[in-house]
Every structure is written in structure tokens, then in C-alpha cells.
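[1] below is the sequence, then the predicted model.
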Amino acid sequence: MLAALAAAGAASAGDGGALFTQNCVICHQTGAVGLAGQFPRLAGRVGKISGKPVGRAYLIDVLTYGMAGQVVVDNQPIIGIMPPFAALSAEDVASILGYVQTLDKSSGSAFTAAEVSALRTRPQKGPSEVRAERATLEKAGVIP
């Protein structure tokens, strides 16, 4: 009976909204609106970032390897650490990113587990390397 209740409460693979709630909402808040000055807003941003292959790779890297350092979102500096979620399956990462894309009118094509898996075969990165990747993408105008 207990096992059945626990299984019922767990997010199923492919349910991006439930997976977001389970893994991300504590920081990024319901609807991915963020918390000004503390946790960046994802809604209205991820779709734009995912419109380019380098942006898609970055988003997968952030979820997989985490990120450390200062970012500026909505003209608010945020200093913190995004924890890595490398234990999430490729399907779960694709589902979470797909869910956040739906919160943006200009969302890119859906993420796939195959895309996430392929990008995860590259050499692993540390959180500071992911921050450096972001800086490069900010200068190129990929990250709003």
C-alpha cells in the first residue's frame, strides 16, 4: 500500500510540468517566474534560448552540470549556484525543458531524449565552465 502511494506521487517520465514541480519549483517558483534577485526567471526566456543549437546545448548543460557564479536576469544581478541534475534521465531533462518552453510564446522545437543523450556524451563540465559558456552566449545575443 505504501509503495503504491509513493509511486502515485512520483512524477512519471515525460510529464514535464510534474517533473519541474518536483525538481525546480522550489527555486524557480510556480510557472517558472523566478524570484527577483535570487533565482532567475525561466518563463519567457528558455524558448528564446532554445531557438539556436548552442542555446539548446547550454540549457542541457545547465540542467546536467549545474552552474556557479553571477548572472543578470531582468537587470537584476543574481549570485548563486544552480545544482547539477545529472541523475535525471535524458527523457526527464527533455520533458522539463519542453515544459518550460511552453511558457514562452516564441518556444523552439521540442527537446528529445535522443538530443539530450547525444549532448551528454561530450566531456563533462564543471559549474564554472557552464557559467563561462553562458557568458559567451550572452555576448553572442543567444541569452536574453
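    Ah, there it is. Just so we're clear, the structure is a prediction, and the values are computed from it rather than from any experiment.
[2] mind listing what's buried in stretch 88-99?
    By neighbour count with 16 or more other CB atoms under 10 Å, stretch 88-99 contains the buried residues 88, 90-99. Every C-beta, even on glycine, is put in place using the N, C-alpha and C of the backbone.
[3] now that stretch: average pLDDT?
    For stretch 88-99, mean pLDDT rounds to 97.
[4] what is the one helix or strand residue 135 maps to packed up against?
    If you go by DSSP states H and E, residue 135 is part of helix 127-139. Identification of packing neighbours for helix 127-139 by 3 or more CB pairs under 8 Å, 6 or more residues apart in numbering; DSSP states H and E yields helix 53-65, strand 67-73.
[5] mind exporting stretch 65-78 as PDB, just the C-alpha atoms?
    Taking Å, rounded to 0.1, in the frame of the first residue of the first chain, the C-alpha atoms of stretch 65-78 are listed here in PDB:
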ATOM      1  CA  TYR A  65      26.200  20.100 -14.700                       C
ATOM      2  CA  GLY A  66      24.800  23.000 -12.800                       C
ATOM      3  CA  MET A  67      26.200  26.500 -12.800                       C
ATOM      4  CA  ALA A  68      28.000  28.800 -10.400                       C
ATOM      5  CA  GLY A  69      28.600  32.500 -10.400                       C
ATOM      6  CA  GLN A  70      26.700  35.700 -11.100                       C
ATOM      7  CA  VAL A  71      24.100  36.100 -13.800                       C
ATOM      8  CA  VAL A  72      22.000  39.100 -14.700                       C
ATOM      9  CA  VAL A  73      18.300  38.500 -15.400                       C
ATOM     10  CA  ASP A  74      15.800  41.300 -15.900                       C
ATOM     11  CA  ASN A  75      18.500  43.800 -14.900                       C
ATOM     12  CA  GLN A  76      18.800  42.000 -11.500                       C
ATOM     13  CA  PRO A  77      22.200  40.500 -10.600                       C
ATOM     14  CA  ILE A  78      21.900  37.000  -9.100                       C
END
